[in-house]
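> Dropping the sequence and predicted coords here.
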Amino acid sequence: MNQRELKELIEFLIEKDIAEFELERGDVKVRIRRGGNQAISPTSVPHFAAPSAPVVAVSGASAHQAPGATEASSPPQQASTAEAEEEKLHRVRSPIVGTFYESPSPGAPPFVKVGDKVDVGQLLCIVEAMKLMNEIESDVRGEIIKKAVNNGEPIEYGQELFVIRPI
Amino acid sequence: MQLLTNHATVILSGTKLAAELGVRPSAVWHSVEQLRALGVAIAGHRGTGYRLQAMPELLLPEMLAPLIQGTIFRDHLHHYYNVGSTSTVAMEAASHGAPEGSVFLAEQQSAGRGRGGHPWHSPRSGIYCSLVLRPTLPPADVLLLALAVGLAVQAAVKELDPALSPDLKWPNDLLLDGKKFCGILAEMNAEPTHVRHVVVGIGVNVNQTSFPHDLEASATSLRMATGKEYSRLTLCAALLKSLDREYRSLRNNPHDAILRRFAERSSTVRGVRVRVEENGGYQGMTEGLDARGFLQVRTQQGLRTVLTGTVRLE
């Protein structure tokens, strides 16, 4: 994959508003993530409609480093063990842009917290946009090992909300 | 009820009613008492038989269905005299496979609810209606449903009485004289790419003549706006037909048409000072909708996008 192809790919992902993309072909591996799970500060909200700068990680013999937008990738062996561990974990992502709520109403106890065991179909949180309350359910049975967003925070489409270790 | 309506001028004996309904005479008496409690004027008693004198308008499926022929709602009407919340019932039904177009109506609600756990005052004079929809649209496009439902209620109210000119406040509050008479709350169950179901809850204040003290400043009803009493049945039918139209149009050509019409029919979507209660709260001037339907507000710090619903006019 050359730099032009990579640029086209990134533009395509921005156009289609795709948050995360992974491609493995022969010895080339490309992983692109936009927006990501960094918290969005209120000041960045006005700009969230604009595509956020992509974070690109490219590894493999034939890949050129995309200047500027590239993230230093970790040594291959280390990356693969980390990835093997990562693959076991289940990430719950938001289907819409909106505001994250951890409980059914202000002051009420949260639906779930880190360390809780959850079942398939159990309600994890609500994401609200335009007075449309989106109930996010768990699609796996497991233990919540991370809550990625704070109550009341704005979130992007595809943003990670919870990490669950399946059991 | 249907029997009394069909024979509105004659006296029906309790025994005959019981035979017709296949129940015991004591059950007939019990039903009559229940109907009386709801405001149906039924003359007579067990010994003499019963005659219907005056009937309050009820949103019964058999009365409503003939008025909404050709809509997706016609064959899936469910009616309750009193229920906690039609949306709670509808969400439960939807998760157990209730078909698209299922409608849950109540004469009154004991636990009507709005956004963020706020209660919705639901006496007998209003319309409380929740719909089950299963749109085959990506979740991001389904957000536009919130705007489409507001447009549908606005159109139905204008059809009921052209003298009423309700204003829309983003995303879907409906106002008369600056006070709210209709609230809409939608609940969605979706995966990142696929919507399982959406329940749209609509509460309309129709014939209320007063509100509890804490709502007086912010709530109104159609009747309080014009002094006229309205047929809830006529409005409910107009509403379901108008919702059917908006929903079809949303499925066929989502974005542009709805955003354009919303901008035309809301006087507050542009050039109005508002206070937004999210992200710690901020003030600014409304500046239209973005391509996804979110309200834009110009603040001293620049243009901001409102994600959720609480926008107060200043």
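Perfect, I can see it now.

> okay, the host helix or strand of B:Phe104 in CSV with CA atoms only?
Under the criterion of DSSP states H and E, B:Phe104 resides in strand B:103-109. Provided in CSV are the C-alpha atoms of strand B:103-109 (Å, rounded to 0.1, in the frame of the first residue of the first chain):
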residue,chain,number,x,y,z
VAL,B,103,-50.1,1.6,19.3
PHE,B,104,-50.7,1.8,23.0
LEU,B,105,-53.3,4.3,24.2
ALA,B,106,-54.5,5.2,27.6
GLU,B,107,-57.3,7.4,28.9
GLN,B,108,-55.1,8.3,31.8
GLN,B,109,-51.6,7.4,33.2
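
> CA atoms only: put the following helix or strand past that strand into PDB for me.
Using DSSP H and E, the helix or strand that directly follows strand B:103-109 along the chain is strand B:126-133. Provided in PDB are the C-alpha atoms of strand B:126-133 (Å, rounded to 0.1, in the frame of the first residue of the first chain):
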ATOM      1  CA  GLY B 126     -55.300  14.400  27.400                       C
ATOM      2  CA  ILE B 127     -54.000  11.900  24.800                       C
ATOM      3  CA  TYR B 128     -51.300   9.400  25.900                       C
ATOM      4  CA  CYS B 129     -50.100   7.400  23.000                       C
ATOM      5  CA  SER B 130     -47.000   5.200  22.400                       C
ATOM      6  CA  LEU B 131     -46.000   3.700  19.100                       C
ATOM      7  CA  VAL B 132     -43.700   0.800  18.300                       C
ATOM      8  CA  LEU B 133     -41.600   1.300  15.200                       C
END
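
> Count the neighbours of the residue of chain A found nearest chain B for me.
Residue of chain A nearest chain B, by Cβ to the nearest Cβ: A:Ser105 (2.7 Å). Where C-beta positions appear, they are placed from N, C-alpha and C, glycine not excepted. By the criterion of other Cβ atoms under 10 Å in any protein chain shown, A:Ser105 has 12 neighbours.

> hang on, it in a helix?
No. Read with DSSP: H, G, I helix; E, B strand; the rest coil, A:Ser105 is coil and lies in no helix.

> Surely it touches B:Gly114?
No. In this structure, A:Ser105 is not within contact of B:Gly114 by Cβ atoms under 8 Å, at 10.5 Å.

> on that earlier part again, for the residue of chain A closest to chain B, give its distance to B:His118.
Counting by Cβ to Cβ, to the nearest Å, the separation of A:Ser105 from B:His118 is 8 Å.

> Next: A:Glu20.
36 Å.

> Chain A: helices as residue ranges?
Using DSSP state H, the helices of chain A run over residues A:3-15, A:76-88.

> pLDDT on the strand holding B:Phe104, on average?
Taken as a whole, strand B:103-109 carries a mean pLDDT of 97.

> Give the other helices and strands that it contacts.
strand B:77-83, helix B:86-95, strand B:126-133 (3 or more Cβ pairs under 8 Å, 6 or more residues apart in numbering or on different chains; DSSP states H and E).

> Same list, the ones you listed, but as JSON lines with mean neighbour count please.
Putting the helices and strands packed on strand B:103-109 into JSON lines (neighbours: other Cβ atoms under 10 Å in any protein chain shown) gives the following:
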{"stretch": "strand B:77-83", "mean neighbour count": "17"}
{"stretch": "helix B:86-95", "mean neighbour count": "21"}
{"stretch": "strand B:126-133", "mean neighbour count": "25"}
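
> With chain A as the reference, name the closest of those.
Among these, the nearest to chain A by Cβ to the nearest Cβ is helix B:86-95 (8.4 Å).

> So what touches the closest one?
For helix B:86-95, the external contacting residues (Cβ atoms under 8 Å, 6 or more residues apart in numbering or on different chains) are B:78, B:80, B:83, B:98, B:102, B:104-106, B:109, B:111, B:113, B:128-132, B:185, B:187, B:189, B:196-197, B:199, B:201.

> got the angle for that helix vs strand B:126-133?
20 degrees (axes from the mean of the first three to the mean of the last three Cα atoms, to 10 degrees).

> pull the CA atoms of helix B:86-95 into PDB?
Extracted C-alpha coordinates of helix B:86-95, given in PDB (Å, rounded to 0.1, in the frame of the first residue of the first chain):
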ATOM      1  CA  THR B  86     -48.000   3.700  27.700                       C
ATOM      2  CA  SER B  87     -44.300   3.900  26.800                       C
ATOM      3  CA  THR B  88     -43.300   1.400  29.500                       C
ATOM      4  CA  VAL B  89     -46.000  -1.000  28.200                       C
ATOM      5  CA  ALA B  90     -44.900  -0.400  24.600                       C
ATOM      6  CA  MET B  91     -41.200  -1.000  25.400                       C
ATOM      7  CA  GLU B  92     -42.100  -4.300  27.100                       C
ATOM      8  CA  ALA B  93     -44.300  -5.300  24.200                       C
ATOM      9  CA  ALA B  94     -41.600  -4.300  21.600                       C
ATOM     10  CA  SER B  95     -39.000  -6.400  23.400                       C
END
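
> Can you give me the domain boundaries for the chain?
Picking chain A for this. A:1-60, A:90-166 (automatic domain parsing).

> if you could check chain B rather than the one you did, that'd help
If you go by automatic domain parsing, chain B breaks into B:2-52, B:61-264, B:270-313.

> hey, which of those domains is tucked in deepest?
Mean neighbour count (mean count of other Cβ atoms under 10 Å in any protein chain shown) peaks for domain B:61-264 among the domains of chain B, with a mean of 19.

> how far does that one stretch from start to finish?
34 Å (Cα to Cα, to the nearest Å).

> how far does it sit from the chain's center?
3 Å (Cα atoms, centre = their mean, to the nearest Å).

> Now name the helix or strand holding B:Thr286.
Applying DSSP H and E as the criterion places B:Thr286 in strand B:282-289.

> Great, nothing more from me.
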